[in-house]
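[1] This is a predicted model, with the sequence first.
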Amino acid sequence: ELAEYLELKETNVIVHPANIGGSFGAKDNLSHVPVAYYLSSLTGRPVKFVNTYGEELLASSPRHAAFICLRVGVKKDGTFVAWEGKTFYNAGAYGAFKPKGSMTGALKAAGSYAIPHTRIQGYCVYTNQVPCGYFRAPGEAQTLFAVESHVDLIADKLGLDPLSLRMRNAPKDGDTKATGESLEDPHCKEVLTRVAQLSGWTKTRVRHSKNRLYGRGMALGDRHVGTGESSCELILATDGGLCLRSGIGDQGVGAYTMHRQIVSQIIGAEPERVHIEIGNTDSAPYDEGIKGARGTHVEGRAVAQGSTALVEALRAAAATHWRTDIENVSWFDGRAVSKDGKLTLGLTDLARLSNDTIKSFGHYKGGKSDVYSFQAIVADVAVDPEIGQVSIIRLYFVYDVTTVINPLTHQGQLEGAIMQGLGYALCE
């Protein structure tokens, strides 16, 4: 994009990664770069832009204000039979701030439910306001808030328990999403059941005090598995260490920790022996960028393929040294082992014995998956009726996840998302 805009060859544009903190899509716009390029060309000096806090608010890409219109056909027992949703997002000025010109939030206009008949329309509206951008799940938080609020209104109108209404319409094996997208192995009901157990949903009764009103709320959502393309290079250093070279940026999600763990487990080396080397767009293997919950799925698979390929290269080097076929060499706990178990070579041995650098390449391109992660939350809140202050008493949240590679960073992701959601709900 920069090469096209600046009318340069792609080989003449080199992007150097920098740690700028969490972005969530709000810092992806490169509006300053062309200005910096032309100023640098004219002056022959490096140019750096530093925004004031006020300029940052004016130049960032905030969430879109949205108007959501919902119309639902529902049976007396609470079964959803028809659902119409329209989303209107205040896009502000300058459509180029949105790479695709649309919002994925419209896909959430019927929530996470199994509904046989749906009609969904999404619009981005130009206005004379600050441009909005792809901030974390663009448009989805706004739309889900409307959908889940509407589900509660339906439950109240029909005299049904909000949990029971959601359970009745939860997707199961064989169902599709409300958008018609295929769905594999959904665990929606299990998530709802678990959050009800944790929160004591059927046992806890709301009681008001003189100065505070108390209430309980429930919400259901789902999230796709990230897609994209990534690659890396894994090199055995002369001292037996491992160098993982990539162009993947880590703005605080723990990507490099995850990469080290994958290399360590497959190769059988201590994580401390894995060095992460981040190159620029001219020297590093290709990576599509940080976005859309793709880290562990896409980057992790690329690193895993690179690690597996390096194991094969190490076995081949050991086989050459022992003058035998690679089938007679196995790999166990960071060492090449001969078929009879009498001979072994470690990483340092193989690095010294080989005349050429032993290295491998990993690449993965992941398309859209039919598997979705379902989430459910129960909130206990208190409201001061005199001043309108809302306090969160307790939050219970359950996520449907697969294999957890790092429990600490995984929990940090969940709690970080919860806190960001609280900020959005209470402060914005």
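    It's in. Numbers count the residues shown, from 1 in each chain.

[2] ok, which stretches of the stretch 201-350 of the chain are helices?
    Along the stretch 201-350 of the chain, the stretches classed as helices by DSSP state H, counting those that start in this stretch are 255-267, 300-322, 347-353.

[3] Which among those is found nearest to Leu57?
    Leu57 lies closest to helix 255-267 among these, at 28.2 Å (CB to CB). To be clear about C-beta, it is placed using only N, CA and C from the backbone, and glycine gets the same treatment.

[4] before we move on, the earlier item: put together TSV for the helices of the stretch 201-350 of the chain, with distance to Glu229, mean neighbour count and mean pLDDT on each row.
    TSV is the format used below for those (distance: least, CB to CB, whole Å; neighbours: other CB atoms under 10 Å; pLDDT from 0 to 100):
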stretch	distance to Glu229	mean neighbour count	mean pLDDT
helix 255-267	15	20	93
helix 300-322	8	20	95
helix 347-353	29	17	93
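
[5] Low-confidence stretches in the stretch 101-250 of the chain?
    101-102 (pLDDT under 70).

[6] and what of the stretch 251-400 of the chain?
    292.

[7] Check Asp28 and give its pLDDT.
    If you check Asp28, the pLDDT there is 63.

[8] Who does the closest residue to Pro285 other than its chain neighbours form a beta bridge with?
    Once flanking residues are discounted, Pro285 sits nearest to Ser231: 4.0 Å by CB to CB, 6 or more residues apart in numbering. For Ser231, the beta-bridge partners are His363 (DSSP bridges).

[9] OK, contacts around Asn128?
    Ala93 (CB atoms under 8 Å, 6 or more residues apart in numbering).

[10] who wins for proximity to Gly215 among the helices of the stretch 201-350 of the chain?
    Checking the helices of the stretch 201-350 of the chain against Gly215 by CB to CB gives helix 255-267 as the closest, at 38.7 Å.

[11] by contact count, what packs against the closest one?
    Secondary structure elements in contact with helix 255-267, counted by 3 or more CB pairs under 8 Å, 6 or more residues apart in numbering; DSSP states H and E, are strand 242-246, strand 274-278, helix 300-322.

[12] Please, where are all the strands along the stretch 1-150 of the chain?
    Ranges of strands in the stretch 1-150 of the chain, per DSSP state E, counting those that start in this stretch, are 66-74, 80-92, 117-126.

[13] Need the winner for burial among the ones you listed.
    When you average the neighbours per residue for each of the strands of the stretch 1-150 of the chain (mean count of other CB atoms under 10 Å), strand 80-92 leads with a mean of 20.

[14] pLDDT of it, averaged?
    Per-residue pLDDT values over strand 80-92 give a mean of 93.

[15] got a list of what the residue nearest to Trp331 when sequence neighbours are not counted touches?
    Nearest non-adjacent residue to Trp331, counting by CB to CB, 6+ apart: Val311, 5.0 Å away. Counting by CB under 8 Å, 6+ apart, Val311 touches Ile266, Ile267, Trp331.

[16] what's around the last one, how many residues?
    Around Trp331 there are 18 other residues, counting by other CB atoms under 10 Å.

[17] Tell me who's in contact with Leu242.
    Taking CB under 8 Å, 6+ apart as the definition, contacts of Leu242 comprise Leu234, Ile235, Leu236, Val263, Ile267, Ala269, Arg273, Val274, His275, Leu310, Leu347.
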